[in-house]
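> Here is a sequence together with a model predicted from it:
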Amino acid sequence: MRIVGIEGTAWAASAALYDTETDEVVIESDPYEPDSGGIHPREAAEHMGSAVPSVVSAILDRAADTADSGGVDVDAVAFSRGPGLGPCLRIVGTAARALAGTLSVPLVGVNHMVAHLEIGRHRSGFDSPVCLNASGANAHLLGYHNGRYRILGETMDTGVGNAIDKFTRHLGWSHPGGPKVEQRAREGEYHDLPYVVKGMDFSFSGIMSAAKDAVDDGVPVEDVCAGLQETIFAMLTEVAERALSLTGTDELVLGGGVGQNERLREMLASMCEQRGAEFHAPEPRFLRDNAGMIAVLGAKMYAAGDTLAVPESSVDPDFRPDEVAVTWRGDGESVVRDPAASGTVRGAEATVTFDGDRVVKRRIPKSYRHPALDARLRSERTRAEARLTSAARRVGVPTPVVYDIDPASATLVFQHVGDADLAEALSADRCRAVGRHLAAIHGAGFVHGDPTTRNVRVGGDRTYLVDFGLGYHTVHVEDHAMDLHVFKQSVAGTALSPADLLEAFEAGYAAAGEDDVRRRLREIEGRGRYQ
């Protein structure tokens with residue numbers, strides 16, 4: 001089978017030929033390079049208008065040269081339907097329809113972000129990995145479950161590449177900014193910047209403002225670049241490890257153009273090695289926007305009969321990956337695993353060892369983080385966990401008793417509570433209890449910070465909240481609503497039938513929580529990228 005792919009979501013006009021028999025992918029690309037600043041949609045569309053016919057023509061010549069018989073010998077045409085810039089997508093869609101009609105072959109519409117993760121899964125040979133998509137306009141954590149790619153975590157404001165570009169535009173540097181930050185960071189010393197992780201979600205707006213202010217205040221730009229890179233990529237690596245812990249899988253793939261950054265790949269590889277997981281980053285030509293990934297996923301979709309009639313082939317600039325019905329994978333496949341629970345348990349941050357009726361939890365040093373950042377986070381989170389675990393008990397929320405704390409070694413000793421994680425014993429009653437517990441701590445003026453199904457213990461008729469390390473005191477509605485959002489994401493991304501569980505959770509919160517928190521939750525749920 002041979003598939004032509006066409007890509008042009010924003011800046012890279014690209015066409016590719018994929019041969020399933022040889023697994024060979026030939027790619028022709030003509031990137032748009034603005035004279036200054038970031039991507040200008042009108043200029044990008046003008047570039048697509050002239051470059052797409054050229055790269056498609058080059059690929060058709062290749063197809064003709066390698067055909068077994070006369071003609072180009074192509075079985076289908078795949079194209080990027082979205083997400084991306086509308087004017088660019090429409091040019092690509094028009095080109096794909098015209099080519100499919102000329103060749104009398106089916107049309108396949110591909111989600112650009114799903115293609116980023118599928119090329120990683122295809123090249124790695126992994127069964128069902130967590131995927132970190134780190135591209136210009138996006139930053140997602142995705143895992144396949146219940147017939148779709150579920151978003152386990154994502155940026156709550158801007159994409160990782162766009163965030164870095166905003167900083168470099170402030171400096172007057174040309175697009176793209178990422179490679180320039182990477183180069184200057186090698187010459188600098190680490191500069192401390194805000195670190196914002198909320199469960200498996202994250203935010204870049206605060207760190208960008210702080211980085212701009214630091215440069216304006218006279219901090220050497222090389223130092224700010226070093227701090228920016230260390231902080232942003234440590235955030236992405238941490239949430240990737242949290243996703244591995246939540247799902248129980250031991251496979252991680254990287255996708256997206258920012259994945260070309262050497263330091264990010266180094267951090268992810270280090271985290272996986274320390275954790276005992278496998279990591280795969282595709283070769284650079286498959287990380288940046290390219291038609292090869294479109295052709296490879298297009299072949300899988302075509303083989304599954306997932307094609308489009310021309311009247312149904314409109315593009316979608318806001319096409320989210322969790323909207324895609326995944327027809328090319330088996331119903332029984334899932335990123336969710338059932339990790340063995342005996343002896344030592346490995347979470348995202350710490351090792352937990354059971355010693356009779358006591359639990360010893362130690363936040364181990366993370367080799368991927370800068371030592372200064374790592375020491376700060378481990379100490380701060382250990383102190384916060386001890387303080388807020390006890391505070392939750394004082395307002396009637398079941399938590400373990402804190403027996404001892406050693407901030408220097410980031411070690412805590414707790415009472416052993418529960419028989420299992422909530423992830424292993426999901427029920428509507430348990431989720432309702434979690435809702436009540438979160439309402440209680442919000443009423444007391446603090447948040448949990450990471451209320452996933454792995455951070456709730458169950459036993460008998462009691463449901464315990466544990467692991468308050470990301471918690472903090474706050475009365476802001478936004479922070480309280482984020483707690484609810486994090487829990488709902490963890491259930492939706494791993495449960496077989498999440499609807500009733502989520503309804504019970506919100507009912508539990510509504511019985512004791514504030515209505516304005518749930519109203520803000522609706523805003524947050526509509527705030528993710530391309531929502």
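Received, thanks.
> show me the contacts for Ala481.
With contact taken as C-beta atoms under 8 Å, 6 or more residues apart in numbering, Ala481 is in contact with 517-518, 520-521, 523-524. Just so you know, the C-beta spots here come from the backbone N, C-alpha and C atoms, and that holds for glycine as well.
> make it 7 Å
517, 520-521, 524 (C-beta atoms under 7 Å, 6 or more residues apart in numbering).
> cool, Asp467 as well?
Applying C-beta under 7 Å, 6+ apart to Asp467 gives the contacts 385, 450, 455.
> how about low-confidence regions in the stretch 401-531 of the chain?
528-531 (pLDDT under 70).
> need the strands for it, in chain order.
Assigned by DSSP state E, counting those that start in this stretch, the stretch 401-531 of the chain shows strands spanning 402-406, 411-415, 420-421, 446-447, 456-459, 462-465, 472-473.
> Burial-wise, tell me which of those comes out on top.
strand 446-447 (a mean of 24; mean count of other C-beta atoms under 10 Å).
> Show me what it packs onto, helices and strands only.
Counting contacts by 3 or more C-beta pairs under 7 Å, 6 or more residues apart in numbering; DSSP states H and E, strand 446-447 packs against strand 472-473, helix 477-492.
> got TSV for those, with distance to Asp75 too?
Shown next, in TSV, are the helices and strands packed on strand 446-447 (distance: least, C-beta to C-beta, whole Å):
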stretch	distance to Asp75
strand 472-473	55
helix 477-492	36
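> ok so, going back, nearest to Asp192, of the contacts of Ala481?
Minimum distance to Asp192 across those is 27.7 Å, recorded for Ile524 (C-beta to C-beta).
> thought that closest one was touching Val486?
No. Contact criterion C-beta atoms under 7 Å: Ile524 and Val486 do not qualify, at 9.9 Å.
> Looking at the two, which one has more neighbours?
Val486 (24 against 18; other C-beta atoms under 10 Å).
> Count the residues that sit near Val130.
29.
> Name the residues linked to it by a beta bridge.
Under the criterion DSSP bridges, Val130 forms beta bridges with Leu252.
> so what's it up against?
With C-beta under 7 Å, 6+ apart, Val130 has these contacts: 141, 143, 240, 243-244, 247, 249, 251-252, 335.
> so Ala16, which of the three states?
Per DSSP: H, G, I helix; E, B strand; the rest coil, the secondary structure class of Ala16 is strand.
> Touching, it and Val26? I think so.
Yes. Using C-beta under 7 Å, Ala16 is in contact with Val26, at 6.3 Å.
> So for those two, which residue has more residues nearby?
A count of neighbours by other C-beta under 10 Å puts Ala16 above the other of Ala16 and Val26, at 28 against 17.
> Format the contacts of Val130 as TSV; extra columns: neighbour count and pLDDT.
Conversion of these to TSV gives the following (neighbours: other C-beta atoms under 10 Å; pLDDT from 0 to 100):
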residue	neighbour count	pLDDT
Leu141	28	95
Gly143	26	94
Ala240	27	97
Ala243	26	94
Leu244	27	94
Thr247	27	92
Thr249	22	92
Glu251	24	96
Leu252	28	97
Val335	25	93
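> what residues are shared contacts of Ala16 and Val26?
Ile59.
> pretty sure Pro317 contacts Arg90?
No. Under the criterion of C-beta under 7 Å, Pro317 is not in contact with Arg90, lying 9.3 Å apart.
> Can you flag which of the contacts of Val130 belong to strands?
If you go by DSSP state E, these have 141, 143, 251-252 in strands.
> Out of those residues, which two sit at the greatest distance?
Leu141 and Glu251 (13.1 Å).
> And Gly206, how far from Pro194?
In this structure, Gly206 and Pro194 are 5 Å apart, going by C-beta to C-beta, to the nearest Å.
> what does His116 give?
27 Å.
> With neighbour numbers in mind, choose between these two.
His116 (33 against 15).
> so which strand or helix has the more buried one?
helix 112-124 (DSSP states H and E).
> mind saving the C-alpha coords of that helix as CSV?
Extracted in CSV, the C-alpha atoms of helix 112-124 (Å, rounded to 0.1, in the frame of the first residue of the first chain):
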residue,chain,number,x,y,z
HIS,A,112,-2.4,16.6,13.1
MET,A,113,-1.8,16.1,16.9
VAL,A,114,-2.8,12.4,16.8
ALA,A,115,-0.4,12.0,13.9
HIS,A,116,2.4,13.3,16.1
LEU,A,117,1.8,10.6,18.7
GLU,A,118,1.1,7.8,16.2
ILE,A,119,4.3,8.3,14.3
GLY,A,120,6.1,7.8,17.7
ARG,A,121,4.1,4.7,18.5
HIS,A,122,4.7,3.4,15.0
ARG,A,123,8.5,3.9,15.0
SER,A,124,9.0,2.7,18.6
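> and for that helix, what are the contacting residues?
Against helix 112-124 from outside (C-beta under 7 Å, 6+ apart): 9, 80, 82-84, 129, 131, 133, 135, 138, 140, 142, 149, 253-256, 280, 282, 286, 293-294, 296-297, 300, 321, 324.
> Which ones among those residues lie within helices?
In helices, judged by DSSP state H, the following of the contacts of helix 112-124 are found: 286, 293-294, 296-297, 300.
> would Val105 count as being in a helix?
No. Going by three-state DSSP, the assignment for Val105 is coil, not a helix.
> you'd agree it is up against Asp73?
No. Val105 lies out of contact with Asp73 (C-beta under 7 Å); the separation is 10.2 Å.
> Comparing these two, which shows the higher neighbour count?
Between Val105 and Asp73, Val105 has the larger neighbour count (other C-beta under 10 Å), namely 19 against 15.
> OK, contacts around the more buried one?
By C-beta under 7 Å, 6+ apart, the neighbours of Val105 are 74-77.
> Would you reformat those as TSV and include secondary structure, pLDDT and distance to Gly101?
TSV is the format used below for the contacts of Val105 (DSSP: H, G, I helix; E, B strand; the rest coil; pLDDT from 0 to 100; distance: C-beta to C-beta, whole Å):
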residue	secondary structure	pLDDT	distance to Gly101
Val74	coil	96	13
Asp75	coil	97	15
Ala76	strand	98	12
Val77	strand	98	9
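> so which two of those are the farthest from each other?
Maximum distance among those (C-beta to C-beta): 9.0 Å, for Asp75 and Val77.
> More neighbours: the two, which one.
Neighbours of Asp75 and Val77, each counted by other C-beta under 10 Å, are more numerous for Val77; the result is 29 against 17.
> Setting the sequence-adjacent residues aside, check what's closest to that one.
Sequence neighbours aside, Ala100 is the residue nearest to Val77 in space, at 4.2 Å (criterion: C-beta to C-beta, 6 or more residues apart in numbering).
> burial measure for the one you found, as a count.
23.
> For Ala303, see how far away it is.
17 Å.
> same thing with Ala512?
51 Å.
> Please report phi then psi for Thr351.
Here is the backbone geometry of Thr351 (degrees, to the nearest 10): phi -100, psi 140.
> Thank you, goodbye.
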